[in-house]
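Undergrad: The amino acid sequence is not available; the structure is as follows:
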Ligand SMILES: Cc1cc2nc3c(=O)[nH]c(=O)nc-3n(C[C@H](O)[C@H](O)[C@H](O)COP(=O)(O)O)c2cc1C
């Protein structure tokens, strides 16, 4: 079979454009609504998307006075969506900086059982001091330290998922044996950040592990992804940047001793689709008119690590900004934004307009045919294995993508007409992890 595209729907209440909630048809309570999320997941499933995804941070993000910023906990919401869908994958973000491996390994094993093998984990290290202050800290741990903890976190979590053999549970009523004793082993982990005895209190789940996804594009983030990730979400505003990122990550994956096709690169795309190009541009312009610039300016200042007073709406970014090395937050996003503004000579107001659409992801305004052509061009020119679909407006942007863009790509033989497999890993064409504690690598050591 020819290489196929993969689509993940990035769920984001009324849409990825920050002003989408203000459109006349928008449901301003969608962020807390099970029905709204069910609708989106079902539309994506009917269009044969690989998965849906929820971002998260354990902190109130942005200014709750200005836009819907309340968020339901992703694994809880996805457990509810597991009951409303049957095939589509369910990917939740969870932080390695503000969780313990045992709780999280248990939560994802539970989601994988409840969904019949459709769970995925977007592994993030969580940028920002505000989150740290919800967990007894004054400041966020250093960027490097967060990634070191993330590495050990994954070591522990994967051992916990391996602590039950696939065939440990025998449920032999006649003999009175529910699980083979030697099929459930402790992990006895003793590390720098964690001490965990194990075993996990959830037997091995259909996929063994949730699909491991990663979404930070700094140097440490890419190295971490090369070691652990099976899919990578990334914000790349241009084709050239996407190509460079794609080549860089695949090279790192090979250097880490893994096969490049076992790690899928999924850049974000924010499609604004119209019947005609002019209609799409009209919607884009209407959304941009609804942005509150002073609010957006505050957010921009936070990402750049400067005081908002240093930014003026009708001037370019100041020449003297903290470099990536001086930032302990989201390093890669800061660099992306500064490069974008400098290269295109943008004022702060223009930069805010661009970021309002997709926070640095590639926005694309046009007809369904143009969107499909762009996706195909990226896919066939070393820039992507698929896309994180981030409609500017939901649910209408998803409806347009599902009913107009997907059929074009199906017709061209680039996207599935139906699911071949059952689990999320099968949708992505990835192998199920071996058990390293029972008959796998560690047992042989
Ligand atoms: C599509 C996408 C989704 C992301 N979702 C989250 C998220 O839900 N929570 C989070 O803390 N970081 C998320 N990130 C990562 C941050 O943007 C940021 O890169 C990261 O926290 C810091 O990593 P870095 O310094 O390695 O870039 C996401 C990134 C991308 C590209």
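TA: Alright, I've got the coordinates. Fair warning: this is a prediction, and the values are worked out from it, not measured in the lab.

Undergrad: Quick check: the residue of the stretch 1-150 of the chain nearest the ligand.
TA: residue 55 (2.9 Å; C-beta to the nearest ligand atom). For glycine as for every other residue, the C-beta is placed from the backbone atoms N, C-alpha and C.

Undergrad: thought that residue was touching residue 122?
TA: Yes. Between residue 55 and residue 122 there is a contact under C-beta atoms under 8 Å: 7.3 Å.

Undergrad: who has more neighbours, these two?
TA: residue 122 (26 against 17; other C-beta atoms under 10 Å).

Undergrad: in what helix or strand does the more buried one lie?
TA: Secondary-structure assignment from DSSP states H and E places residue 122 in strand 119-124.

Undergrad: quick one: strands adjacent to that strand?
TA: If you go by DSSP bridges, strand 119-124 pairs up with strand 89-95 (parallel), strand 211-214 (parallel).

Undergrad: Dump those strands into TSV; add distance to residue 437 as well.
TA: Below are the strands paired with strand 119-124 laid out as TSV (distance: least, C-beta to C-beta, whole Å):
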stretch	distance to residue 437
strand 89-95	23
strand 211-214	18
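
Undergrad: Turn those into CSV, including distance to residue 266, mean pLDDT and mean neighbour count.
TA: Output for those, formatted as CSV (distance: least, C-beta to C-beta, whole Å; pLDDT from 0 to 100; neighbours: other C-beta atoms under 10 Å):
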stretch, distance to residue 266, mean pLDDT, mean neighbour count
strand 89-95, 11, 98, 26
strand 211-214, 8, 98, 27
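
Undergrad: hang on, isn't residue 245 packed against residue 266?
TA: No. Contact between residue 245 and residue 266 fails when scored by C-beta under 8 Å: they sit 11.1 Å apart.

Undergrad: which residues do those two both contact?
TA: Common contact partners of residue 245 and residue 266 (C-beta atoms under 8 Å, 6 or more residues apart in numbering): residue 234.

Undergrad: Can you check which residues contact both of residue 55 and residue 122?
TA: Taking C-beta under 8 Å, 6+ apart as the contact rule, residue 55 and residue 122 both touch residue 93.

Undergrad: Return the set of buried residues in the longest helix along the chain.
TA: When the chain is scanned for its longest helix (criterion: DSSP state H), the result is helix 143-162. Judged by neighbour count using 16 or more other C-beta atoms under 10 Å, the buried positions of helix 143-162 are 143, 146-162.

Undergrad: residues in contact with the residue of the stretch 1-150 of the chain closest to the ligand?
TA: Residues near residue 55 by C-beta under 8 Å, 6+ apart: 10, 12, 74, 93, 122.

Undergrad: Repeat the analysis, applying 10 Å as the threshold.
TA: In this structure, residue 55 makes contact with 10-12, 61, 71, 74, 91-93, 122, 124, 215, 233, judged by C-beta atoms under 10 Å, 6 or more residues apart in numbering.

Undergrad: State the pair within the residues you listed that is farthest apart.
TA: The distance between the two most remote of the contacts of residue 55 (C-beta to C-beta) is 18.7 Å, for 61 and 91.

Undergrad: got the contact list for residue 2?
TA: Contacts of residue 2 by C-beta under 10 Å, 6+ apart are 412-414.

Undergrad: Tell me the one among those nearest to residue 100.
TA: After measuring the contacts of residue 2 against residue 100 - C-beta to C-beta - the closest member comes out as residue 414, at 41.7 Å.

Undergrad: Is the closest one in a helix, a strand, or coil?
TA: Three-state assignment for residue 414 (DSSP: H, G, I helix; E, B strand; the rest coil): coil.

Undergrad: same check, this time on residue 200
TA: At residue 200 the chain is in coil, as set by three-state DSSP.

Undergrad: Could you check how many residues crowd around it?
TA: A count of neighbours around residue 200, defined by other C-beta under 10 Å, yields 22.

Undergrad: Identify the residues contacting it.
TA: Residue 200 neighbours (C-beta under 10 Å, 6+ apart): 101-102, 105-106, 109, 157, 159-164, 184, 187.

Undergrad: cool, and residue 280?
TA: By C-beta under 10 Å, 6+ apart, the contact list for residue 280 reads 271-274, 364-368, 370-371, 392, 400.

Undergrad: among those residues, which one has the lowest pLDDT?
TA: The lowest pLDDT within these belongs to residue 364, with 87.

Undergrad: What is the neighbour count of that residue?
TA: Residues near residue 364, counting by other C-beta under 10 Å: 18.

Undergrad: For the stretch 251-400 of the chain, what lies in contact range of the ligand?
TA: Taking C-beta under 6 Å from any ligand atom as the test, the list of the stretch 251-400 of the chain residues beside the ligand reads 268, 330-333, 388.

Undergrad: most neighbours, which of those residues?
TA: Neighbour max across these (other C-beta under 10 Å) = residue 388, 25 neighbours.

Undergrad: helix, strand or coil for that one?
TA: Applying three-state DSSP: residue 388 is strand.

Undergrad: That one and residue 5 touch, don't they?
TA: No. At 11.9 Å, residue 388 does not count as touching residue 5 under the criterion of C-beta atoms under 10 Å.

Undergrad: Spell out which residues are contacts of both of these two.
TA: residue 266.
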